[in-house]
Each structure stands twice: as structure tokens, then as C-alpha cells.
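Engineer: 3D, please:
(chains A and B)
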Amino acid sequence: MIIQDHMDLMEKLTILSDAAKYDAACTSSGVDKKNNGAGMGNSKACGICHSFAADGRCISLLKILFTNECIFNCQYCMNRSSNDVVRATFTPEEVCTLTMEFYRRNYIEGLFLSSGIIQNPDYTMMQLAETVMLLRTKYHFGGYIHLKGIPGASADIIEAAGWYADRMSVNLEFPTADGLKKLAPHKSRTTILTPMRQIQNGIQQNKLQIYHKRDEGNHWSHDISDAGSSFSLHQKRKTVIEKNGNQSAFPSNHHPTSINSTVNDFISLEDNQHSKNALLSTPSGSKQMFVPAGQSTQMIIGATPESDYHIVTIAEALYRQYSLKRVFYSAFVNVNQDNNLPAQPDGKGVPLLREHRLYQADWLMRYYGFQSNELLSEEKPNFNVFLDPKCDWAIRHLEQFPVEINRAGYYTLLRVPGIGVNSAKRIVKARQSAKLDFQDIKKMGVVLKRALFFITCQGRMMYNTPVEENFITNNLIGIDQRKLFDIEHHHSYQQLSLFDDYHMQQG
Amino acid sequence: MNTLQTTHIFQCDDTLDGILTAVYLAWQKGTSCTDIRVRNMNANFSFFEEIHDVATDLSLVERVTHSIETKLSADILFYIYRCALSYAPDKASVIYHYLQKAFRIGPSIVNYLHDETVMRVFELDRQIGTEAHKYLGFVRFEELENGVLASRINPKSNIIPLIADHFADRLHNENWIILDTVRQLAVVHQAGLGYVFTDHITEEQLLAFSKKSMNEESFQALWERFFHTIAIEPRRNDKLQRNMMPLRYRTYMGPENER
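Structural biologist: Numbering: from 1, shown residues only, chains lettered A, B, ... in the order given. Here you go, the predicted structure:
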């Protein structure tokens, strides 16, 4: 291990931002905060991108490691202890200076602070907690802070840090215990999931506390207007929260499969006494919130042999059981050229298309009301290379099409390939005042290239196209891509040829 | 419409007040034979038109805004305000026709997205909203010797009024200036207080104001280094970068503007 004693800020920044760049999460979204008047900074729930790097990824936060002097030896990581790389460690003051000066110049939306494990998990987490505390209390920084939870760190340190962060994340790394054991020998299912559950419970308890406080504040006015109502109001809110906590957007699967049970075994965690009473301390008299922008996590894709189906099932279970805001997928890049890991002779990572498909599926699950087992199954465990998950689903469910633009419900419209959230909202708005035709929805900016095969306007299709699997597939896939498609998916569809002609059927 | 009939074109200032004054006067003349246009903006001139030059009249503006607020809604007035900030040459005419339809149909006009004029207003609003949002991230401040943060931008639309509040909140305790070099319009913020808009400020005047501070170069260098190291080189994708951050935004950005 090469450790240099005297290193200037430029060198440290170079090493520690280079070491952090493979982390996928760089969003600044999820919380609306005004400036508190004393310091600098606010936050917008929609998130703001301040630049875009040469790889096209958004730069929103100053994404750095606190240190890369790591005692862990995770196979996939370039900072593993067995690697011969230059090591560096920031001081908390240095991180604060960089954050404040970058923020003032509007380079960044806030700080993303992760770290290698220096000395031990507790010591590392202490360093991170100290840094964010300093940033909030001494520098009065009001911008966004995304902080990593260190697997294996004590609960009280994680909690202390959580009071200063907007978002926290603990990386799941791999979707199986086997993968973790082989590639991240110092991390385990329990050390990762325990802090994740603790942060989830902390967020929920903090929300309850805030409701309590508000009710205390309103106590008198309620007593005057209607004796006893403040108590019942409080009870009502409490039940609302509890109900919403359990009843998430992700209903449980009714058809357990073997992947489902593997996934459940992997992510289920016995609640211990501590995680139930997650918050030990509440800063008295302050309106401070615990991790207000919620929690996220990240998985590395392609270093271990799990199928896409396995991965989306894990993601769905995490959303449901850990109330996560986001799951990020990071296509594996073999920086260490290690024998235990898949070789990547061309120097490029796992196909980015796979990462892309997983994000598409993730959106379908979070915003479009899809469930993982609708998108994939054990018989068909991987995403189609040529069709996005929604087109693929639609072609397998042609019995539900075509849908009528003037009558179909919002969520039915969302299931039409080519119609997204924006288009569906516009259609629902516009049809209040008129019967819509294809010309109308075209004018409204709805792209019909894909949608035209799946919709009718006032009972008519746009062209005289049959709702038929081969025909639609042929039209959705570019002609030059067909050959490749045949090679990869020779089981899923009939043989396609350049001369497929739907009129043949009628003859 | 008979094309040989003379159309009366009301030419106005490039402000919401100017446009609303013209709306009033054109309406008075009769909506069937009138249109309005912003002075000095590119437009197709036709042989059969008579041009009337309109001087902004705040009492007329007052009457138009009052009827928009009472007969339509405050939201629609704000909507029109945003469209009036657009760079689109047809914006005045679009607003005029939009108001004609709106007063016929009522506040539910916002749902008539299948109508071309309504959709055009919707698009203008979205365009300017997108540009304003992009600049929330792409504005770059430089620290001057006297501690003032100075920034230059060259937006297509006049977005400064839409981003001033955001920076006034975020950099509440700083002195800062953002200059729109296209319109020579600046927003100037005083620490702890508030901001004012001033026009006729040139880029040269801003640069002559004060030198860069001592530390400025070193923080710019740190940012430049961060910008380059954070990219994953094997995944270089210039096209995606240009899509997300078109070159026109980068004129006054640091390392992003290296060609």
C-alpha cells in the first residue's frame, strides 16, 4: 500500500474522485428545502444537473471517497487492499472547503460522500459523520448531502450521521449471498441489510415524530373548536402512516416461484430490538429531519451470473420491504483484470444495453404499475435485446390491444408502447373537451411510430394494421437488426424473414 | 379569410406589457382583420398589411390583465407571462390568438391540447421552462476580488426573471450578478437583502468591474480536474453529452467548453 504523507488538495481530489466514479447514484432529488437564512444552500425535489461528463452521465454532486485506504479486499474494486494503488485520505475540513467553494460557484448541487474502510467500519463511519456534521453546523451548508452507510458500522453512529444527510445508501453490491462471499468477502448479507433496515425504520419514526409535534402545536385550537378531536386526528394520521407503510405500490406476488423464494431468503431480516426503536436521540427543539430524501442502494450487474429476472425481483422486493427510493444498477467494469471475474477483452464493461434495459424495467415497476413477473419469468429470464421491456410485454399480451384512446383509463394508456407519462396525461386532459383523432394526438406531441399498432381513435386503427404478433414485431424491429435478433431469440418468436407479408394470411 | 383584405399589424415592445397593449388595441380594431407582432423580431412581411406602431400603455395593460384574471384565471396570466419571455418570433401572435380562443371557451382552455394555438402556447411554455431549468445548473459564478460572484449566460429566451428567485434563496448571503449577454440584462443581488434587474449592462462593463479573486484560478483548476476524472473513459459518449448539455449552453462554462 502506497501512502503519501504530504499530498496537496489537487492530488487527493484526483485520486478520490477517480476512485468514486463507478458509483452510479448521483441524483440530487427527493427533497424541497428553502435556505434557512443563516447559511448557503437549498434543495429542489426535482434535482438539478450541473454538468455532464464525457461519458454522458449527469454531474450533480461532488462525488468523492473520504479515503481509499481500504482494509477490505473486494475482488471487483480497484481500491481493494491487495491492489498497488496510490492511497489518500481527506480531512473533514478539506471536504467542507471543496463542497462550499464548488457550491458557491454553482458547480454542484451538493456532496456525495462514500468511503473505503479505514481502520474499521466504526472509525470510518465516524469520520463521515463528523464531516457532514461540520458541514451543516460550522459551515451552515443547506445543500444536498448523499452519504454512504458503511456496512458493519454501529447503529448509533449511522443514526448520528443520518440527522445531517438528505439521502443515505448502503450498497447491496450483489443479489446473492454466494456472490458476496466470493467477491466481497468482508461484507455479508447481515452487515449490509442491518443498517438498511435501521435507516428505513428511522425515517418512518421521524415522520411519526413530526406528526406528533405538529399535533402538539395545534392542540389548543382543536380543543376550542371540538373537544377531543386533536387526539382522534392524531390517531387518524398515525393509522394513515402505518397503513401506507405496509401498503406500498408493490403488492406481494401471488405466484411464488423458486427465484422469489431465493430472493426472499436473501433479503429478509429478523428485526431485533434495536432496529425496532431505530432513533435513540432526537435533536431537541429543532425541526431537523432524518434522511428526508429517503434511501437508495446499488447493485453491480454482470460480475455474477444472475439473470435479469433475478435482479428485477430483488429490486422489487427491496422497494417493497425496505421502502427504498431508488435501486441503481452499475454495469460491471473489470478494473482489476481478476481471474475470479468475467473477462472483458475489449476493455468495455458489461453491455450497457443490459444496464439500460434494467433501468427501463425499474421505471415500469415504479411509475407504470408493472410487476416483475409480468416483465420476465423463469422460462424467459432475460430482457429482449431488440425490444424495450414494454414493447416486449405488449407483444406477448396482444389480447389486451388495441385500446381506445378516448376511453381507456390512465394506467391502460401507460401500457401502450410509445405512450409515456407525459403523453398519457395530455390525452386524459384533452379528451375532456373533444373526441380525439389521430391528427389531434399527433399535434399534442404523442409519437405514433410505435403506438399506432396498439391503439384506436374512435374505433379505427390509424392504418389497416393487424394486431398480430409477427407483423408488429417485424415493424418494431429495424430490418438490419433482425438477423441478430434471430440468433439470440430463436425460441421466442417464429423465424422472421425479409419477405414476411401479412397479406399472406388473408389469402 | 379573404387574402386580399388588408391585415392591420400592431407592432409592440418585446415585453409582456407591450404585447398586452397591442392585444387591447388590435381587439378594439376587430379580431378578424388584425394580428400583432413584436418590433424588430424576424417575421414574414406581407404586401397586404398595414403596420401600426404601439407604444406601451400601462392603463390598457391593467384592463387586459384584469379581465384575464377575472374571466379566465391567474394561472393563465402567468402562463402568458412565461410565453412572452420566449425567443420565438411568433409569440405575440400566438398569445393574441390564444386569448381570443380563451375568452370564447373559458378557463378550461388549458385542456384543449388538440387545438394548434393552445398546443403552441403549451410548447412555448415548456421550451422556456426547460431552458430556465437547465440554467439553474449551468450558470457558473466566478469570484471577484471584492467577493462578488459574477456570471454570464447567453440564453435563447429571456430566462433571467425565472431563475432569479432560485439563486436569491440559494445564495442568500452572497453578493452576485448574473448577466444575460444577449439582452444586456442583469440581475444584481445584495447579500441578505434582495435583487434588482438592470438593463444596458454590457459584458465589457462587467469584466471591467473587478479582477478575479486570488483563489479563483485554483478552484477552477480543481473543478476542471474533477470534471475530467469523474468520467469513465471506456464509456466515452460525446453524443450523449451534447444531447444533455448542448454546446450553446457552454459558452461561459469552464472545462465543459473545451473543444
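Engineer: Output stretch B:122-137 as PDB, nothing but the C-alphas.
Structural biologist: Taking C-alpha atoms only, stretch B:122-137 is exported to PDB below (Å, rounded to 0.1, in the frame of the first residue of the first chain):
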ATOM      1  CA  PHE B 122     -48.000  24.800 -24.200                       C
ATOM      2  CA  GLU B 123     -44.800  24.300 -26.300                       C
ATOM      3  CA  LEU B 124     -43.500  27.800 -25.800                       C
ATOM      4  CA  ASP B 125     -44.100  27.500 -22.000                       C
ATOM      5  CA  ARG B 126     -42.300  24.100 -21.900                       C
ATOM      6  CA  GLN B 127     -39.400  25.300 -24.000                       C
ATOM      7  CA  ILE B 128     -38.700  28.300 -21.800                       C
ATOM      8  CA  GLY B 129     -39.300  26.100 -18.700                       C
ATOM      9  CA  THR B 130     -36.700  23.600 -19.900                       C
ATOM     10  CA  GLU B 131     -34.200  26.300 -20.700                       C
ATOM     11  CA  ALA B 132     -34.600  28.000 -17.300                       C
ATOM     12  CA  HIS B 133     -34.200  24.700 -15.600                       C
ATOM     13  CA  LYS B 134     -31.000  23.900 -17.500                       C
ATOM     14  CA  TYR B 135     -29.600  27.200 -16.500                       C
ATOM     15  CA  LEU B 136     -30.200  26.500 -12.800                       C
ATOM     16  CA  GLY B 137     -27.400  24.000 -13.200                       C
END
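Engineer: starting at the chain centroid, how far to that stretch?
Structural biologist: In this view, stretch B:122-137 has its centroid 9 Å away from the chain centroid, taken as CA atoms, centre = their mean, to the nearest Å.
Engineer: So it, near chain A or not?
Structural biologist: Yes - counting by CB under 8 Å from any CB of the partner chain, chain A has neighbours in stretch B:122-137: B:123, B:133, B:136-137. For glycine as for every other residue, the C-beta is placed from the backbone atoms N, C-alpha and C.
Engineer: Show me which of those residues is closest to chain A.
Structural biologist: Nearest to chain A among these is residue B:137, at 4.2 Å by CB to the nearest CB.
Engineer: what about that closest one, is that helix, strand or coil?
Structural biologist: Assigned with DSSP: H, G, I helix; E, B strand; the rest coil, residue B:137 falls in the helix class.
Engineer: Please enumerate the strands of the chain.
Structural biologist: Defaulting to chain A. A:2-3, A:51-52, A:58-59, A:61-65, A:86-87, A:110-114, A:144-148, A:167-169, A:295-301, A:326-331, A:403-404, A:455-456 (DSSP state E).
Engineer: Hmm, no, I was thinking of chain B.
Structural biologist: Assigned by DSSP E, the strands in chain B fall at B:7-12, B:34-38, B:49-53, B:142-143, B:149-153, B:176-180, B:185-189, B:195-199.
Engineer: would TSV of those with distance to chain A be doable?
Structural biologist: Output for those, formatted as TSV (distance: least, CB to the nearest CB, whole Å):
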stretch	distance to chain A
strand B:7-12	25
strand B:34-38	21
strand B:49-53	27
strand B:142-143	7
strand B:149-153	7
strand B:176-180	9
strand B:185-189	13
strand B:195-199	14
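Engineer: Mind putting those into JSON lines with distance to residue A:360 and mean neighbour count?
Structural biologist: Listed next are those as JSON lines, based on distance: least, CB to CB, whole Å; neighbours: other CB atoms under 10 Å in any protein chain shown:
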{"stretch": "strand B:7-12", "distance to residue A:360": "47", "mean neighbour count": "20"}
{"stretch": "strand B:34-38", "distance to residue A:360": "43", "mean neighbour count": "23"}
{"stretch": "strand B:49-53", "distance to residue A:360": "51", "mean neighbour count": "13"}
{"stretch": "strand B:142-143", "distance to residue A:360": "40", "mean neighbour count": "20"}
{"stretch": "strand B:149-153", "distance to residue A:360": "34", "mean neighbour count": "20"}
{"stretch": "strand B:176-180", "distance to residue A:360": "38", "mean neighbour count": "23"}
{"stretch": "strand B:185-189", "distance to residue A:360": "40", "mean neighbour count": "20"}
{"stretch": "strand B:195-199", "distance to residue A:360": "42", "mean neighbour count": "12"}
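Engineer: Same list as before, those that is, but in a markdown table and with distance to residue A:321 and mean pLDDT included.
Structural biologist: Supplementary listing: those in a markdown table, determined by distance: least, CB to CB, whole Å; pLDDT from 0 to 100:
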| stretch | distance to residue A:321 | mean pLDDT |
| --- | --- | --- |
| strand B:7-12 | 61 | 92 |
| strand B:34-38 | 57 | 92 |
| strand B:49-53 | 68 | 90 |
| strand B:142-143 | 48 | 95 |
| strand B:149-153 | 46 | 96 |
| strand B:176-180 | 46 | 96 |
| strand B:185-189 | 47 | 96 |
| strand B:195-199 | 47 | 95 |
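Engineer: Redo the strands of chain A as CSV? Include mean pLDDT, mean neighbour count and distance to chain B.
Structural biologist: What follows is those, written out as CSV (pLDDT from 0 to 100; neighbours: other CB atoms under 10 Å in any protein chain shown; distance: least, CB to the nearest CB, whole Å):
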stretch, mean pLDDT, mean neighbour count, distance to chain B
strand A:2-3, 54, 10, 18
strand A:51-52, 95, 24, 4
strand A:58-59, 94, 20, 6
strand A:61-65, 96, 26, 6
strand A:86-87, 92, 18, 13
strand A:110-114, 96, 25, 10
strand A:144-148, 95, 26, 11
strand A:167-169, 95, 27, 18
strand A:295-301, 93, 23, 14
strand A:326-331, 91, 22, 9
strand A:403-404, 96, 16, 16
strand A:455-456, 95, 22, 15
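Engineer: Go through those strands and name the closest to residue A:448.
Structural biologist: Judged by CB to CB, the one of the strands of chain A that comes nearest to residue A:448 is strand A:455-456, at 8.2 Å.
Engineer: Neighbouring strands - and their directions - for that closest one?
Structural biologist: If you go by DSSP bridges, strand A:455-456 pairs up with strand A:403-404 (parallel).
Engineer: on that earlier part again, lowest-confidence entry in the residues of stretch B:122-137 next to chain A?
Structural biologist: Lowest pLDDT within those is found at residue B:123 (93).
Engineer: so how far is residue B:246 from that one?
Structural biologist: Noted for residue B:123: a distance of 18 Å to residue B:246, by CB to CB, to the nearest Å.
Engineer: for residue A:36, same thing?
Structural biologist: Distance from residue A:36 to residue B:246, counting by CB to CB: 35 Å.
Engineer: In contact with the residue in chain A that chain B sits nearest to, which residues?
Structural biologist: For chain A, the residue closest to chain B is residue A:56, as judged by CB to the nearest CB, at 2.9 Å. Residues in contact with residue A:56 (CB atoms under 8 Å, 6 or more residues apart in numbering or on different chains) are B:235, B:237-241, B:243-244.
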